[in-house]
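Trainee: Structure for the following, please:
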Amino acid sequence: MIKTILIDDEPLARDIVKFYLSEHKEIEIVAECCDGFEGLKAITQHKPDLIFLDIQMPKISGFEMLELVEDKPAVIFTTAFDEYAIKAFEVNAVDYLLKPIDKARFDSAIKKLPSRLNQTENTEAVLDAAAMSPAQSSRVVVKKDGIIKIIPVADINYLEADDDYVKLSTADGAFYKNKTMAFFEQALDAGQFIRIHRSYIINLAQVTKIELKEKDSYVVLLKSDIWLPVSKTGYVKLKAALGL
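Mentor: Here you go, the predicted model:
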């Protein structure tokens, strides 16, 4: 039996999926959720093999919710027309259902399940691609001590490489995201964030001073009274960004 969870803020959309699934006795619905917060709790509790996940939901999007799931199940995304998301799905061969959901398309996605249940690499690629979209790149969703926090990127003072994670430093403390510095360098607005060092990306709005520490070695002071090293390449980029 394949355990599945339906995560969609539209009751009608969930009802349609339930109706279509009634013909697939090998799939058992163990929970229904109307937003990403409920979905995250249900996934932790039931550990499903498969989820049907809406993208456009209140509070946090389906993409943002899925990023917070450690052991990701197989996913069939459901969405109203979203050109950016659909391109990401097709490039990475991830199943999606366009609303209103067509039964033939639904049955086709179910047929592919046996070969997709234990493959999450393509889903990870979709999440990275989705994070580059304007809708997703204006904020970062993190989980700390079991609490989900939405951080507007403007509130990030700087980012620091920390082993397999990136530390986001804010006025409310430090938060960690299982991404790379290269990912954030590409995802964040280059007019607002500059990579000054292989280990640091800073928010230009936080810069108060740049000083020469020793020959060809600079440091930058942020409003939070934090000094950070600046590489030679980073110094060139920082000067250009500040118009110096």
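
Trainee: where are the low-confidence patches of this structure?
Mentor: 81, 84, 91-93, 132-136 (pLDDT under 70).

Trainee: quick one: the residue located most distally from the centre of it from Leu238, how far?
Mentor: Distance to the chain centre peaks in the chain at Lys215, reaching 40.4 Å (criterion: C-alpha atoms, centre = their mean). To Leu238, Lys215 is 18 Å away according to C-beta to C-beta, to the nearest Å. All C-beta spots, glycine's among them, are computed from the backbone N, C-alpha and C.

Trainee: quick one, domains of the chain?
Mentor: Using automatic domain parsing, the domain parsing of the chain gives 2-130, 153-242.

Trainee: Output those domains in JSON lines, with distance to Gly146 appended to each entry.
Mentor: Output for those, formatted as JSON lines (distance: least, C-beta to C-beta, whole Å):
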{"stretch": "domain 2-130", "distance to Gly146": "10"}
{"stretch": "domain 153-242", "distance to Gly146": "13"}
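
Trainee: To Arg139, which of those lies closest?
Mentor: For Arg139, the closest of the domains of the chain is domain 153-242, at 6.2 Å, according to C-beta to C-beta.

Trainee: now the closest one: how far from the chain's centre is it?
Mentor: Offset of domain 153-242 from its chain centre (C-alpha atoms, centre = their mean, to the nearest Å): 20 Å.

Trainee: Straight-line length of it, end to end?
Mentor: 19 Å (C-alpha to C-alpha, to the nearest Å).

Trainee: do stretch 171-179 as well
Mentor: Using C-alpha to C-alpha, the two ends of stretch 171-179 sit 21 Å apart.

Trainee: heads up, I number from 53, so please use that
Mentor: With 53 as the first residue, the last one maps to stretch 223-231.

Trainee: So for that stretch, what gets flagged as buried?
Mentor: Neighbour counts over stretch 223-231 (16 or more other C-beta atoms under 10 Å) mark 227-229, 231 as buried.

Trainee: Show me which pair in those residues is furthest apart.
Mentor: Phe227 and Lys231, at 11.7 Å, using C-beta to C-beta across those.

Trainee: Distance of the spatially closest residue to Ile262 that is not a sequence neighbour relative to His249?
Mentor: Spatial nearest neighbour of Ile262, chain neighbours left out: Val272 (5.1 Å); criterion: C-beta to C-beta, 6 or more residues apart in numbering. In this view, Val272 and His249 are 9 Å apart by C-beta to C-beta.

Trainee: joint contacts of those two?
Mentor: Jointly contacting Val272 and His249 under the rule C-beta atoms under 8 Å, 6 or more residues apart in numbering are 280, 282.

Trainee: Point me to the helix or strand that includes Glu263.
Mentor: strand 259-266 (DSSP states H and E).

Trainee: ok, now Phe235?
Mentor: Assigned by DSSP H and E, Phe235 belongs to helix 233-239.

Trainee: The helix or strand following that helix vs strand 259-266, what angle?
Mentor: Beyond helix 233-239 on the C-terminal side, the first helix or strand identified by DSSP H and E is strand 245-249. Interaxial angle of strand 245-249 relative to strand 259-266 (axes from the mean of the first three to the mean of the last three C-alpha atoms, to 10 degrees): 20 degrees.
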